[in-house]
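K.L.:
How does the following fold in three dimensions:
(chains A, B and C)
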Amino acid sequence: MIPDRPVPGTPLARSFYARPSRVVAPALLNKVLVVGVRAARIVEVEAYAGADDPASHAYRGQTARNATMFGPPGSLYVYFAYGMHWCANAVCSPAGSSSAVLLRAGAPLAGLDSMYAMRPVARRDRDLCSGPAKLCQAFGIDRSFDGRDLVDEDQPVTIVDDGTPPPRRPGRSPRIGLSVAVDVRWRWFVPGDPNVSRPQ
DNA sequence: ACCGGGATGTTCT
DNA sequence: GAACATCCCGGTG
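P.N.:
A predicted model of the protein is given here:
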């Protein structure tokens, strides 16, 4: 039977993810993250590479924390940051290349009531998913989601294409919150979207 | 609106 | 012991 989805769409195929993260990242803009009844359009992403990217968790090789980055493309890599936040990435490229796309912000589409329940501090819709840790909090994404397959419809989390193309001319900037590789412009966002996490 | 500091704990040096 | 792919709150203007 076909599971109920708040937004009609087709899960992205594994071949979509099996490319370098800097190629996958802008292509993920306007795709839709779905967890149960919750859905949000992805409006901001960042690409992280592997051994050649000092800002990447994979820079110093595989550890228990980043093991999912070294697994198959199309997996969700979830990590714990600053002692209290979760952040989610889509793993890219062939297994072993360890690159990923950080999901930084989304525009809420469905399940907003349950998102507000997960984020009591939110006062407006734009407070729900306008940052990588807010997004995970709104969706209830935590360590138990690490390593989940985004491609398999039977998994609790997926990314679907509802027919909305990425922006023809996405916004672009250096990545946020880094102390190294600060000149690498691997952040992309949907211009003008109020859910983007930082001023454009 | 903008800015500064504190929370909080895992990971790595 | 320091760094950290962040967020929230309370100050000020």
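K.L.:
so how far is residue A:157 from residue A:55?
P.N.:
Applying C-beta to C-beta, to the nearest Å, the value for residue A:55 to residue A:157 is 25 Å. C-betas here are computed from N, CA, C, even on glycine.
K.L.:
what about those two, which has more around it?
P.N.:
Using other C-beta atoms under 10 Å, the more surrounded residue of residue A:55 and residue A:157 is residue A:157, with 20 against 17.
K.L.:
Any buried residues in stretch A:23-39, and which?
P.N.:
A:24-36, A:38-39 (16 or more other C-beta atoms under 10 Å).
K.L.:
Which members of those residues define the maximum pairwise distance?
P.N.:
Spanning the widest gap among those are A:26 and A:36, at 27.2 Å by C-beta to C-beta.
K.L.:
circling back to that earlier point, narrow the buried residues of stretch A:23-39 to those in helices?
P.N.:
In this view, these that belong to helices under DSSP state H are A:24-28.
K.L.:
Would you tell me which one of those residues comes nearest to residue A:97?
P.N.:
Closest approach between those and residue A:97, by C-beta to C-beta: residue A:24, at 11.8 Å.
K.L.:
residue contacts, the closest one?
P.N.:
A:16-17, A:47, A:90, A:92, A:101 (C-beta atoms under 8 Å, 6 or more residues apart in numbering).
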